[in-house]
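Q: any chance you could fold what I've pasted below:
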Amino acid sequence: RVIARLGLKHTKALAPRETVADLAAAHPSDPKAATASEATPTTPFAAGSIIASADDMVRFWHGLLSGRLLMPETVRGQFQRLYPMFGQGTYYGRGVMLYDVVDPKTGRFIWLGHSGGAAHSGTLRRVFCQ
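A: Coordinates of the predicted model:
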């Protein structure tokens, strides 16, 4: 329903143990804690089995925020209550994470995305800067 509605041509839900030749390899955020070989993109449920190109991720966020997937009041509800998580500057709303990032050179940015539930994977999308 999501992939077809938004015309996502490079997005796919992987089957268990399915491999994809041109998929970027996962990399541990802390090399001492884990290795990339421990990560698998076919973790069951919503914890990592969806893969997409960068262009399709942009199309997905545009579709979500423009009301093509959910009613506008539902999208607004995702941001009405944001709960702090993972440390300073990271917040969670209904299925969406907001990252308040300060870059000393370029200023403050608000990023939307989701860090995911699978080790070594996630996606972010900068939607506006202040």
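Q: quick one: buried residues of the longest helix anywhere in the chain?
A: Longest helix of the chain, by residue count under DSSP state H: helix 54-65. Neighbour counts using 16 or more other C-beta atoms under 10 Å place Asp56, Met57, Arg59, Phe60, Trp61, Gly63, Leu64, Leu65 of helix 54-65 among the buried residues. All C-beta spots, glycine's among them, are computed from the backbone N, C-alpha and C.
Q: quick one: what helix or strand has the residue lying farthest from the centre of the chain in it?
A: The C-alpha centroid of the chain is most remote from Lys105, which lies 25.1 Å away (C-alpha atoms, centre = their mean). Counting by DSSP states H and E, no helix or strand carries Lys105.
Q: quick one: it from Arg76, how far?
A: 32 Å (C-beta to C-beta, to the nearest Å).
Q: do the same with Asp22
A: 37 Å.
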